[in-house]
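1. sharing a sequence plus its predicted fold:
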Amino acid sequence: MRVFSAEEVHSALPYDALIDHLRLAFRASRSGDGIAAPPRQHYSIERRCEDDGAEANNGTDARSWAEHEAAAGGAGVVGGEEGGAERGSGGGNEAEGRRQAVGTLLVMPAWDSDHDMGEPFLGVKLATVYPGNARHGLPSVAASYLLSSAATGVPLALIDGTAITLRRTAAASALAAHYLARPDSKVLLMVGTGNLAPHLVLAHLSATPSLRSVLLWGRTLAKTQQVAQELASSHPMFRLIESGDSASEGLEEGQEEGVVCVQVVSDLEHAVGMADIVSCATLAAEPIVCGRWLKPATHVDLVGGFRPDMREADDDVMIAAKGSIFVDSKEGDAITEAGDLVKPIASGAIVEGDIRGDLFDLCSKRVQGRRGEEEITVFKSVGLALEDLVAAKLVWNKRAM
């Protein structure tokens, strides 16, 4: 059985190729000839403890649970931005030697259901979330992907699951933007500074090559500057603009062809008003993007907020995009689990019918994406096992190249 490291995964999954493969998979699966993926399963891992849970949860606070569970099972907000979401300790009871949660196991299976697709594959992502590991110098999140033959069940490869999650999450957002953002979009605002942020930036640039400026906002200036520096040094196309410069400078003063300006911004409201695409990957419990800040024709990409008590956009964002809201899957967890949809539906700001379609609809052209130049659109994702399998198959098929 072949083992693929994170470095090998990133090398095997250039965004343009992954986006194209995702498009084909969503299109085929809508017709019933593609990938089957049952709902993900979550299991609480419990241990008996005698000291009010100190050993079981290792002193982990509620925010840490949310942050690390996002890394494993949400839309891939690995090492996410500051938030404040809460999570109960889970699993406890008052009996002597009570049991409390020490971690979570997430299982995301998928397999090829069409026998005419060539070699069929079966895959499952296994992720564990043990926030208390940080006290012992161990990673709090571990994820691996087991790829097998769907014809024989024989294991073929063990692939780094975190790398797959980062790549496929960013690629899915970029795929949605291809259909929902203006094709002449110039300014991308990245809200959040977690490990996913640079991947979202690179994926959006791949899918929307007209982008010429990247604005970065985070709650912590030092972390935001670090992300900007890493981006600027990752590719010669990036030019770092000092934070004190005008955020629109790179677009107004004869910017060279092929150059993308990167700038840290502190005024989120102003930055949202400048952006053509707003991509959010945070763990915010309360909205950080307001609908009144959006200019006409903006596309909003919401990646965080994977639970009902988390959200990144306020009701006004959803009201502005009524009838132009899309999710990764209408049959998945987005409508029932994502606070960015659950809360505005509960408040009456929108109804479920305002969610016009999903990636299956867009890629199969059953539903039109952007319909007008001034239209505000929203894409909300929580991550799909289909995306994991597409990425894993691409890694496997490139093994001999």
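-> Okay, I see it.

2. could you pull out the helices for the stretch 101-250 of the chain?
-> With DSSP state H, counting those that start in this stretch as the criterion, the stretch 101-250 of the chain has helices at 161-180, 197-207, 221-234, 249-252.

3. which stretch among those helices is buried most, on average?
-> Highest mean neighbour count among those (mean count of other C-beta atoms under 10 Å): helix 161-180, with a mean of 27. C-betas here are computed from N, CA, C, even on glycine.

4. okay, the angle between the biggest strand by length in the chain and helix 161-180?
-> Looking across the chain with DSSP state E, the single longest strand is strand 99-112. With axes from the mean of the first three to the mean of the last three C-alpha atoms, to 10 degrees applied, the angle from strand 99-112 to helix 161-180 works out at 60 degrees.

5. for strand 99-112, packing partners?
-> Contacts defined by 3 or more C-beta pairs under 8 Å, 6 or more residues apart in numbering; DSSP states H and E place strand 99-112 against strand 35-36, strand 41-48, helix 54-57, helix 62-73, strand 121-129, helix 385-397.

6. who does the first one touch, helix- and strand-wise?
-> Where contact means 3+ C-beta pairs under 8 Å, 6+ apart, strand 35-36 is packed against helix 15-30, strand 99-112, helix 385-397.

7. of these, which is nearest residue 40?
-> With respect to residue 40, and counting by C-beta to C-beta, the nearest of the helices and strands packed on strand 35-36 is strand 99-112 at 4.6 Å.

8. re the thing from before, among the helices and strands packed on strand 35-36, where is the model least confident on average?
-> Of all the helices and strands packed on strand 35-36, strand 99-112 carries the lowest average pLDDT, namely a mean of 89.

9. who does that one pair up with?
-> strand 35-36 (antiparallel), strand 41-48 (antiparallel), strand 121-129 (antiparallel) (DSSP bridges).

10. hey, what's the residue lying closest to residue 130 once chain neighbours are set aside bridged with?
-> Leaving aside its sequence neighbours, residue 130 sits nearest to residue 103 (C-beta to C-beta, 6 or more residues apart in numbering; 4.0 Å). For residue 103, the beta-bridge partners under DSSP bridges are residue 45.

11. could you do the one 5 residues further on as well?
-> Residue 108 has these beta-bridge partners by DSSP bridges: residue 125.

12. count of residues packed around it?
-> Neighbourhood size, residue 108 [other C-beta atoms under 10 Å]: 27.

13. hang on, the earlier thing: who wins for proximity to residue 310 among the helices of the stretch 101-250 of the chain?
-> helix 161-180 (15.9 Å).

14. got the angle for that closest one vs helix 15-30?
-> Taking the same axes, to 10 degrees, helix 161-180 and helix 15-30 form an angle of 80 degrees between their directions.

15. CA atoms only for helix 161-180, dumped as CSV, please.
-> The C-alpha trace of helix 161-180 is given here as CSV (Å, rounded to 0.1, in the frame of the first residue of the first chain):
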residue,chain,number,x,y,z
GLY,A,161,-6.1,13.8,5.1
THR,A,162,-5.4,17.3,6.3
ALA,A,163,-3.8,18.2,3.0
ILE,A,164,-6.7,16.8,1.0
THR,A,165,-9.1,18.8,3.1
LEU,A,166,-7.3,22.0,2.6
ARG,A,167,-7.1,21.5,-1.2
ARG,A,168,-10.6,20.3,-1.9
THR,A,169,-12.2,22.9,0.4
ALA,A,170,-10.5,25.8,-1.4
ALA,A,171,-11.2,24.2,-4.8
ALA,A,172,-14.9,23.8,-4.1
SER,A,173,-15.2,27.5,-3.2
ALA,A,174,-13.3,28.5,-6.3
LEU,A,175,-15.6,26.3,-8.4
ALA,A,176,-18.6,28.0,-7.0
ALA,A,177,-17.2,31.4,-7.7
HIS,A,178,-16.6,30.5,-11.3
TYR,A,179,-20.4,30.3,-11.7
LEU,A,180,-21.4,33.0,-9.2
